[in-house]
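Visitor: Here is a sequence together with a model predicted from it:
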Amino acid sequence: MTESSKPPYSGPSEGITSGVLFLKKPDGAENPVEWYSSKIAGVPFALRNLLTFQRVNIKDLAVFMEDPDEDWKKLFSSISKDSRISHEVVWISNIAQLKEWIQAKSNQVYIFNGSALHDKNYLNKLVNSPPKNDSKFQEGLPINPGNLEEFLLNTQNKSATLKSTRLPENSQTGFPIYIQGAEEAEVRRREDFKTLHEMQVNGSGLNHDSPITRIFSRPASRLLTRMFLNTPISPNQITLLSFFLGLVSAYFFFQGTYWANVIAATLLVISTWVDGADGEIARLKFMETEIGKKLDIYCDNIIHFLIFTAIGIGVFGRTGESINLYLGGLAGVGSLTAFFLLSPVLLNKRSPENQLRQFIEPDLAEKFANRDFIHFLLLVSLIDQMEIFIMVAAIGANLFTGYLVYSRFLKLKPA
């Protein structure tokens, strides 16, 4: 981030949308630095908006605040040093510099109301594929650069004007566009930070969550997410914690006794809750990485293999029937084979770009590739019917693998 002593712009950048985060001083006696540094779902308010802009591919970024005092340097310094900011962010401190920065751009410039928390799905559709006929995604106000000072600094209430304004057809090469943000996402009082925090946490699930996951797992994982959000614990560390709980669960299943199975199934359910929290933390704190995605999926499937194998050995040790050893092996190998076939699809669909879409309809394979079986496993362990579970797991895992092989064959087969 550069201060106003440096040139406030670096020249036109072809093909890159430009964005300005306009931070106005809060009403009342609120300290502006504390206000915009207040955390929403573990990320400071102003930084969360900038990271959202980056996520939707607005790479040419500036922050505008009229006549900032010395305390503002603390906020901008903390933002510039944040490792999640991957591009230079320019600090503009007066209208003249803002006009100069905008005029130097050959691409579309958006000016975002910094008092609102902007939604990445909305911005992605607005910036990357702006629809022409959907009024929901056409709200904005083209501003004549000559009227910037009056509009940004003197207009008290723009909401009524914005609601009746639509982007013109040629807006992509016209005036800068002011984006007010959703009314319910504006921060006017201290209580609004808590409201927006809850909105972010409650919306941190995945599009392909199954009904069982939404009902039984997400509420528990969100409790853990709230615990982890304001700690330095990283998503990958949470993944490894879930992996460790899975390993302990497999050890208890290996014992084969009733209480060992109940303890193992309970630990596996807790492991699932922790596993849900790592993804929520990563999405909420903009910490998704390729390594994190792979670690999450690989750890899950290693645990599945070990759990199925350990259950087969445990049931064999208790019953003495060798068929359970074979069933455990079949279930383990089937789950591992399914993982190798399905993991490329899961990694692709969990990419940040695909998660920007409002909803990605999961295919049949994805609907079955979840951890819902763990709740069934807990029930079976409580009624002491592990023989039934390992037989169902062996049949189900290999039927699923067969379906994946058949699907892959159909995709490879020429039309």
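Guide: Looks like it came in fine. Numbers count the residues shown, from 1 in each chain.

Visitor: and residue 190, how many residues sit next to it?
Guide: By the criterion of other CB atoms under 10 Å, residue 190 has 12 neighbours. C-betas here are computed from N, CA, C, even on glycine.

Visitor: what sits against it?
Guide: Taking CB atoms under 8 Å, 6 or more residues apart in numbering, we find residue 190 in contact with residue 30.

Visitor: Could you measure from it over to residue 119?
Guide: 22 Å (CB to CB, to the nearest Å).

Visitor: try residue 145
Guide: Residue 145 is 27 Å from residue 119, by CB to CB.

Visitor: What of residue 299?
Guide: In this view, residue 299 and residue 119 are 31 Å apart by CB to CB.

Visitor: Between these two, which has more neighbouring residues?
Guide: residue 299 (21 against 17).

Visitor: excluding its backbone neighbours, what's nearest that one?
Guide: Nearest residue to residue 299 in three dimensions, chain neighbours excluded: residue 243, at 4.2 Å (CB to CB, 6 or more residues apart in numbering).

Visitor: Hmm, the one you found is touching residue 301, no?
Guide: No. Residue 243 lies out of contact with residue 301 (CB atoms under 8 Å); the separation is 10.9 Å.

Visitor: hey, where'd the helices end up in the stretch 51-200 of the chain?
Guide: 72-81, 95-103, 120-128, 148-149, 159-163, 190-202 (DSSP state H, counting those that start in this stretch).

Visitor: and of those, who's closest to residue 277?
Guide: Across the helices of the stretch 51-200 of the chain, residue 277 has its closest neighbour in helix 190-202 (10.7 Å, CB to CB).

Visitor: mind listing what's buried in stretch 72-86?
Guide: Burial within stretch 72-86, assessed by neighbour count using 16 or more other CB atoms under 10 Å, is assigned to 72, 75, 76, 79, 82, 85.

Visitor: Surely residue 331 and residue 389 touch.
Guide: No. Using CB under 8 Å, residue 331 is not in contact with residue 389; the gap is 9.2 Å.

Visitor: Give me the more crowded residue out of these two.
Guide: Taking neighbours as other CB under 10 Å, residue 331 and residue 389 compare with residue 331 leading, 27 against 22.

Visitor: between the helices of the stretch 51-200 of the chain, which gets the lowest average pLDDT?
Guide: In terms of average pLDDT, helix 159-163 trails the rest of these, at a mean of 46.

Visitor: what's near enough to touch residue 257?
Guide: residue 318.

Visitor: and it, what pLDDT?
Guide: You'll see residue 257 listed with a pLDDT of 94.

Visitor: how near is it to residue 375?
Guide: From residue 257 to residue 375 the distance is 21 Å (CB to CB).

Visitor: go on, residue 154?
Guide: Separation of residue 154 from residue 375 (CB to CB) stands at 58 Å.

Visitor: Between those two, tell me which one has more neighbours.
Guide: Just comparing residue 154 and residue 375: by other CB under 10 Å the higher neighbour count belongs to residue 375, 18 against 8.

Visitor: Give me the helices and strands touching whichever strand or helix holds the more buried one, please.
Guide: Element membership for residue 375 (DSSP states H and E) is helix 373-382. Using 3 or more CB pairs under 8 Å, 6 or more residues apart in numbering; DSSP states H and E, the elements in contact with helix 373-382 are helix 258-284, helix 386-412.

Visitor: where are the low-confidence patches of this protein?
Guide: Across the chain, the ranges flagged by pLDDT under 70 are 1-15, 29, 129-139, 155-174, 205-210, 346-370, 410-415.

Visitor: Which residue would you name as the spatial centre of it?
Guide: Nearest residue to the geometric centre of the chain (CA atoms, centre = their mean): residue 283, 2.6 Å.

Visitor: I'd say residue 24 and residue 111 touch.
Guide: No. Between residue 24 and residue 111 there is no contact under CB under 8 Å: 11.7 Å.

Visitor: Residue 343: what secondary structure?
Guide: For residue 343, the assignment made with DSSP: H, G, I helix; E, B strand; the rest coil gives helix.

Visitor: who's in contact with it?
Guide: Counting by CB under 8 Å, 6+ apart, residue 343 touches 297, 298, 301.

Visitor: swap the cut-off to 10 Å and go again
Guide: Counting by CB atoms under 10 Å, 6 or more residues apart in numbering, residue 343 makes contact with 293, 294, 297, 298, 300, 301, 369.

Visitor: my guess is the fifth one contacts residue 339, does it?
Guide: Yes. Under the criterion of CB atoms under 10 Å, residue 300 makes contact with residue 339 at 8.3 Å.

Visitor: that older thread, how about a markdown table for the helices and strands packed on helix 373-382, with distance to residue 233 added?
Guide: Output for those, formatted as a markdown table (distance: least, CB to CB, whole Å):
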| stretch | distance to residue 233 |
| --- | --- |
| helix 258-284 | 8 |
| helix 386-412 | 32 |
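
Visitor: Mean neighbour count, those: which tops it?
Guide: Mean neighbours per residue, mean count of other CB atoms under 10 Å, is largest over the helices and strands packed on helix 373-382 for helix 258-284, with a mean of 22.
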